[in-house]
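> Test case, fold it:
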Amino acid sequence: AGHDGAAVIRPLLLLIGALTFAVGCSTDAPEPGTYVARVGDAFLTEESLAADLPPGYEGQDGGTLRSTLINSWIERQLLLQEAERNGVFERADVQRQIKENTEAIAIGSLVESTIASTPFQPSDADLTRYYNRNRANLMLREPHIRFSAFYGRTEGNAAAAETAARRSPTEPPSWQSIDASTRTMRDTITSVNTLPFETNDLSTALVALAPGGITTVETDGRWVVLVLHERRAAGDLPPMRWVRPEILNRLRIDTRRTALRRLVSSLRDQAVSRRTLEIPASDSTAKDSTPDSLVAEPAISPDTLR
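Below is the predicted model:
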């Protein structure tokens, strides 16, 4: 029962917290006519409300946003004041959660500011080095293809696009001059299970093509030219250009993790020098640890290359 109660209280506290930051308020009685709502001894002033409205708002949506903010403030005050009347804030489990949340916000702010001040400028050599050293963890989990697609508004546009594509079927064709206003997908890399098409006809036609293959499909009153550049099977090592965004993300995570470890190590050294850090002999093997949330995913997910 205790766990169930905590499970209910935490979302409630988060809701109250969200409403707390929705609109500012004042507990000091303002001058009459200067506030837009009052609940008990809490007042919502025009000044506080205006601070939470977008610049130049001036009722552009007919006052809907203003009304929403006012109602959110009222709901927050009703919940907060009822919680106070019922002694919720005095309960040990609530005090513990408030303390934990406050600490988490403070630590998160410190970590983010530390990470933000850490430069992240990997060179092409860094990317290549990571690619060569981590090939086993860069294998594709699903079959992937690299393709281009041209959505022609007329059959003539589609025919011209197909002709242009056949001049160099292994490279993304230049279609801008054919129909600049149409939608195209150029040099797209994705899993065959997550092809970004509205109809199955296009997915089926593209998957059936051999590398370098070109086809035109009529669907929903449009003509779509499909060009398949490359195909890779599950378990293959993708080319470097396919996984460049993933490698950049992993290097960014490594940079964040290193910055955090350096911060913690520096703080530990300072605490030891000031003799404010004490570890009982039984726990003398305690070491720094990096939060699991900063550890990179070791393999490429199906959506990584989308």
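> so how far does stretch 34-49 reach from one end to the other?
One end of stretch 34-49 to the other measures 11 Å (Cα to Cα, to the nearest Å).
> Tell me the buried residues in it?
Within stretch 34-49, the residues that qualify as buried are Y35, V36, A37, V39, A42, F43, L44, T45, S48, L49, counting by 16 or more other Cβ atoms under 10 Å. For glycine as for every other residue, the C-beta is placed from the backbone atoms N, C-alpha and C.
> Quick check: mean pLDDT of stretch 272-289?
In this model, stretch 272-289 carries a mean pLDDT of 74.
> Tabulate the buried residues of stretch 34-49 (a markdown table), appending distance to R250, pLDDT and secondary structure.
Formatted as a markdown table, the buried residues of stretch 34-49 follow (distance: Cβ to Cβ, whole Å; pLDDT from 0 to 100; DSSP: H, G, I helix; E, B strand; the rest coil):
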| residue | distance to R250 | pLDDT | secondary structure |
| --- | --- | --- | --- |
| Y35 | 52 | 88 | strand |
| V36 | 50 | 89 | strand |
| A37 | 49 | 92 | strand |
| V39 | 50 | 93 | strand |
| A42 | 48 | 92 | strand |
| F43 | 51 | 93 | strand |
| L44 | 47 | 91 | strand |
| T45 | 49 | 90 | strand |
| S48 | 44 | 88 | helix |
| L49 | 45 | 88 | helix |
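> In this protein, which strand is the longest?
strand 222-232 (DSSP state E).
> Name the nearest of the buried residues of stretch 34-49 relative to V264.
S48 (38.8 Å; Cβ to Cβ).
> Could you list which residues are in contact with F147?
Contacts for F147 (Cβ atoms under 8 Å, 6 or more residues apart in numbering) come out as M185, T188, L206, L226, V227, L228, H229.
> can I get the residues you listed in TSV with pLDDT?
Converted to TSV, these look like this (pLDDT from 0 to 100):
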residue	pLDDT
M185	89
T188	92
L206	95
L226	96
V227	95
L228	95
H229	93
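> Pull up the pairing partners for the longest strand of the chain, direction included.
Sheet neighbours of strand 222-232, with direction, are listed as strand 144-152 (antiparallel), strand 214-219 (antiparallel) (DSSP bridges).
> before we move on, back to that, reformat the contacts of F147 into TSV and put neighbour count next to each item.
Output for the contacts of F147, formatted as TSV (neighbours: other Cβ atoms under 10 Å):
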residue	neighbour count
M185	18
T188	17
L206	21
L226	24
V227	29
L228	22
H229	19
